[in-house]
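What shape does this take:
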Amino acid sequence: MPETLYQHDVSGRLLRSVETPEWDDEQRAWMLALAEIEADACPGCGGSISEHGEDEWGRAQHLYDVTANQCFRCTAIQDKQANVKDHPAPSALLWSAAVRDTTRGR
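The predicted structure follows:
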């Protein structure tokens, strides 16, 4: 958080004020680098959008071998979402999933 330092004369009048920035130069550089990385991140897979090659016709090449892995957390959420079709505001629901405590009831 920025801090402002005030300097007064002996009668209490303000002579000057100096505000220290919230971040120093190194922290700003890190934040700018992070913003660049986030701006280039694919919202689907999180990979770099600009990371691709082109073939001789200028088309993006497929540089990746793709495998499908099932996220069981996403599966559980989607199962629950299918059961709330009649909810008055389904887009207002915020979904999360936590590992079930299987030790209860023993």
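
Low-confidence stretches in this structure?
Judged by pLDDT under 70, the chain has its weakly predicted residues at 52-64, 105-106.

same thing but 80
1-2, 42-47, 49-66, 69, 85, 104-106 (pLDDT under 80).

which residue ranges form the strands in it?
Using DSSP state E, the strands found in the chain span residues 3-8, 14-20.

Now render these as JSON lines, adding distance to residue 86.
For every residue, glycine as well, the C-beta is placed using N, CA and C. Written out in JSON lines, the entries for those read as follows (distance: least, C-beta to C-beta, whole Å):
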{"stretch": "strand 3-8", "distance to residue 86": "53"}
{"stretch": "strand 14-20", "distance to residue 86": "54"}
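
Of all these, which one is nearest residue 83?
Ranking the strands of the chain by their distance to residue 83 (criterion: C-beta to C-beta) puts strand 3-8 first, at 51.6 Å.

Off-centre distance for the longest helix seen in the chain?
Under DSSP state H, the helix in the chain containing the largest number of residues is helix 25-39. The gap between where helix 25-39 is centred and where its chain is centred comes out at 13 Å by C-alpha atoms, centre = their mean, to the nearest Å.

Let me have the strands of the chain in CSV, adding mean neighbour count and distance to residue 99 as columns.
Formatted as CSV, the strands of the chain follow (neighbours: other C-beta atoms under 10 Å; distance: least, C-beta to C-beta, whole Å):
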stretch, mean neighbour count, distance to residue 99
strand 3-8, 9, 43
strand 14-20, 9, 44
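
Nearest to residue 90, out of the ones you listed?
For the strands of the chain, the distance to residue 90 is smallest for strand 3-8, at 45.6 Å, taking C-beta to C-beta.

ok, the closest one: who's next to it in the sheet?
Paired strands of strand 3-8, with direction, are strand 14-20 (antiparallel) (DSSP bridges).

Show me what the partner strand is in contact with.
2-9 (C-beta atoms under 8 Å, 6 or more residues apart in numbering).

From those residues, pick the one nearest residue 28.
Distance to residue 28 across the contacts of strand 14-20 (C-beta to C-beta) is lowest for residue 2, with 13.0 Å.
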